[in-house]
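Visitor: Pasting a predicted model and its sequence here:
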Amino acid sequence: MFVNILIALALVVAANAHSITVRGVFECDDDKRLPVFVKLMERDSFHDDLLKWKQVRVYDDFEIKGTEDEAFGFTPYLEIMHTCREIPETIIVNFGTRVGDVEIDLGNVYLDDTKIKEKMFNQFIL
């Protein structure tokens, strides 16, 4: 029991702050002012952590940044929720395990592309 407490304490003390900044522009030819809901998440064993969320509009540059304290890096991902093709859709963009401060530029994300979920899912994993 004592050893378990020491190990847990060592992990808490050894935790480092890791951050991620994601930039990009969402595009939707069907609706030039479409709102897009973006959540920056961090994958955990039991319950994923919400790092930051925001609502943006298509054709506007966006930036979202989140920070997490973890001992061995963190596993961030982005949830993009929109209705570009008049159907509610959630796109998950995985970034893999990252360490330190990370910046990712998604570029232009074409939400009216029917294959965007598959294209974006693992595109940014190292």
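Guide: Now that the structure is in, tell me what you want to look at. Values in this document were obtained by computation on a predicted structure and should not be read as measured data.

Visitor: Could you confirm residue 119 falls within a helix?
Guide: Yes. Secondary structure assignment places residue 119 in a helix (DSSP: H, G, I helix; E, B strand; the rest coil).

Visitor: Nearest residue to it in space, please, no chain neighbours.
Guide: residue 113 (7.1 Å; CB to CB, 6 or more residues apart in numbering). Backbone N, C-alpha and C define where each C-beta goes, glycine included.

Visitor: Which of the three states applies to that neighbour?
Guide: Taking three-state DSSP, the label given to residue 113 is coil.

Visitor: I'd say it and residue 91 touch.
Guide: No. The criterion here is CB atoms under 8 Å, and residue 113 misses it with residue 91 at 10.2 Å.

Visitor: okay, those two: which has more neighbours?
Guide: For residue 113 versus residue 91, neighbours defined as other CB atoms under 10 Å are more numerous around residue 91 (20 against 15).

Visitor: Ignoring the adjacent residues along the chain, who's closest to the more buried one?
Guide: Spatial nearest neighbour of residue 91, excluding adjacent residues (CB to CB, 6+ apart): residue 80 at 4.2 Å.

Visitor: Can you classify that neighbour by secondary structure?
Guide: Assignment for residue 80 (three-state DSSP): strand.

Visitor: By mean pLDDT, point me to the weakest helix or strand of this protein.
Guide: helix 2-14 (a mean of 57; mean pLDDT, DSSP states H and E).

Visitor: quick one, helices of this protein?
Guide: Listed in chain order, the helices of the chain (DSSP state H) span 2-14, 116-121.

Visitor: starting at the chain centroid, how far to the last one?
Guide: In other words, helix 116-121. How far helix 116-121 lies from its chain's middle: 14 Å, per CA atoms, centre = their mean, to the nearest Å.

Visitor: Buried residues of that helix, list them for me.
Guide: For helix 116-121, burial by neighbour count (16 or more other CB atoms under 10 Å) applies to 116, 120.
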